[in-house]
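1. heads up, no residue letters with this:
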DNA sequence: TCGATACCGGAGCGAGGTTCCGATTCGCTC
DNA sequence: GAGCGAATCGGAACCTCGCTCCGGTATCGA
């Protein structure tokens, strides 16, 4: 299924054993450092944690986005796959959309700085943006279309804007106890509902 | 009016003529550079544009936030003062809130990177955050309370969260044609309305 | 005019991202 | 098992940027 493989390092193409081992080591180290210091932790720290040089990290993951994608690929995929399932299971499309959005928000909020990185237009992050879009936009579009077909929501808001808005609302949610991103996203989705 | 002067440089305390002149030059240069390159343009660029050294810029504006505040102070004040006026003029508190939010969004969206800087927890920006909060939170609180008293909105969302959410939604709005922050903010405010 | 004081300007330090290249290790072949 | 070419490793080096520090200088008051 979906081998929409970008240049995200390589999973099977690696010939040499040490290269593959190092790639895994790097993924583990990156995951640990991301949890501890956020997704924009210094590259040096990740390299140090993995016990490799910086050349190694940049060879395996040319941009920081590639590393982030590799670390979170499974979770993003899970979120993407949950969409159709929710749509099939939920009572109404709008309910399914709401539940899917919750999933997405939970994912973003628990990753330090991920939401911020997603909107960051700094060089190297647009690949991350693109990956999320590639993977999740179709899912969101289907949910949105189903809800629109059921007449539950106001028309005219495409999935891109919705996802972008959700991503934005999640920025900084993990470092500010006074701010509840879930609440605001729920309000946004509520606002999407047809007043009728 | 309102000499709630923080450490935002000084407006009248400067004794020496050249100091005052440089301060104004810096404000003009900063405004120009902010428009061209966003509020997080390199300090060196601003100094160069103003034709002064970097020591000068840091003496007048110890942190970047002080500079940003000084540049936008008038507009923030105008926004703050518009709140009560709208509340008095509008047909309903919720309408006034909506119009005030539009004002705020317009302000944020037209300043490159301002919204992002506001949520940035990097050192030096929390003063900016604090200034906006000091100035606008009371206004927003009053609008929200009036709307709540009129029974127009769901209870339980404080002004801080609303403003933060709006600020977040505005991030990156100026550099992405596919994204319409005004629309999403409107949806959020709509979601705030009591379903009844 | 003259001294004290505040101000000016840029060299310099530290942090972080990214590149580059010599040394090393691996996998394959004979 | 030894040799060889190529891929990989590692970190030194370079760049950008924020911020500080201090010698030189202009300004104000007496």
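-> Received, thanks. Fair warning: this is a prediction, and the values are worked out from it, not measured in the lab.
2. Helix or strand, whichever it is, which one in chain A has the lowest mean pLDDT?
-> Within chain A, no helix or strand scores below helix A:114-119, which has a mean of 90 by mean pLDDT, DSSP states H and E.
3. near DNA strand C at all, that one?
-> No. Using CB under 7 Å from any atom of the strand, helix A:114-119 stays clear of DNA strand C, coming no nearer than 11.1 Å. Backbone N, C-alpha and C define where each C-beta goes, glycine included.
4. now for that helix, which elements pack on it?
-> helix A:64-89, helix A:93-109, helix A:126-149, helix A:159-169 (3 or more CB pairs under 8 Å, 6 or more residues apart in numbering or on different chains; DSSP states H and E).
5. Now the first one: buried residues?
-> By neighbour count on 16 or more other CB atoms under 10 Å in any protein chain shown, the buried set for helix A:64-89 is A:64-72, A:76, A:79-80, A:82-83, A:86-87.
6. Are that helix and DNA strand D in contact anywhere?
-> No. Helix A:64-89 stays clear of DNA strand D (CB under 7 Å from any atom of the strand), getting no nearer than 13.7 Å.
7. just checking, what packs against that helix?
-> Against helix A:64-89 (3+ CB pairs under 8 Å, 6+ apart) you get helix A:17-37, helix A:93-109, helix A:114-119, helix A:126-149.
8. again, only using 10 Å
-> Under the contact definition 3 or more CB pairs under 10 Å, 6 or more residues apart in numbering or on different chains; DSSP states H and E, helix A:64-89 sits against helix A:17-37, helix A:43-50, helix A:54-60, helix A:93-109, helix A:114-119, helix A:126-149.
9. And for the shortest one?
-> Packed against helix A:159-169, as judged by 3+ CB pairs under 10 Å, 6+ apart, are the following elements: helix A:93-109, helix A:114-119, helix A:126-149, helix A:181-192, helix B:114-119, helix B:159-169, helix B:181-192.
10. Need those helices in CSV (columns: distance to residue A:49 and mean neighbour count).
-> Formatted as CSV, the helices and strands packed on helix A:159-169 follow (distance: least, CB to CB, whole Å; neighbours: other CB atoms under 10 Å in any protein chain shown):
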stretch, distance to residue A:49, mean neighbour count
helix A:93-109, 23, 20
helix A:114-119, 19, 24
helix A:126-149, 21, 18
helix A:181-192, 29, 22
helix B:114-119, 28, 24
helix B:159-169, 31, 23
helix B:181-192, 38, 22
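11. So for residue B:42, which of the ones you listed sits nearest?
-> Of all the helices and strands packed on helix A:159-169, helix B:114-119 sits nearest to residue B:42, with 14.0 Å by CB to CB.
12. Is DNA strand D within reach of that closest one?
-> No. Helix B:114-119 is not in contact with DNA strand D by CB under 7 Å from any atom of the strand; minimum separation 11.2 Å.
13. what residues does chain A put near DNA strand C?
-> A:15-18, A:40-44, A:54-55, A:58, A:62-64, A:123-124.
14. one step back: so which of the helices and strands packed on helix A:159-169 gets nearest residue B:31?
-> The nearest among these, by CB to CB, is helix B:114-119 at 12.3 Å.
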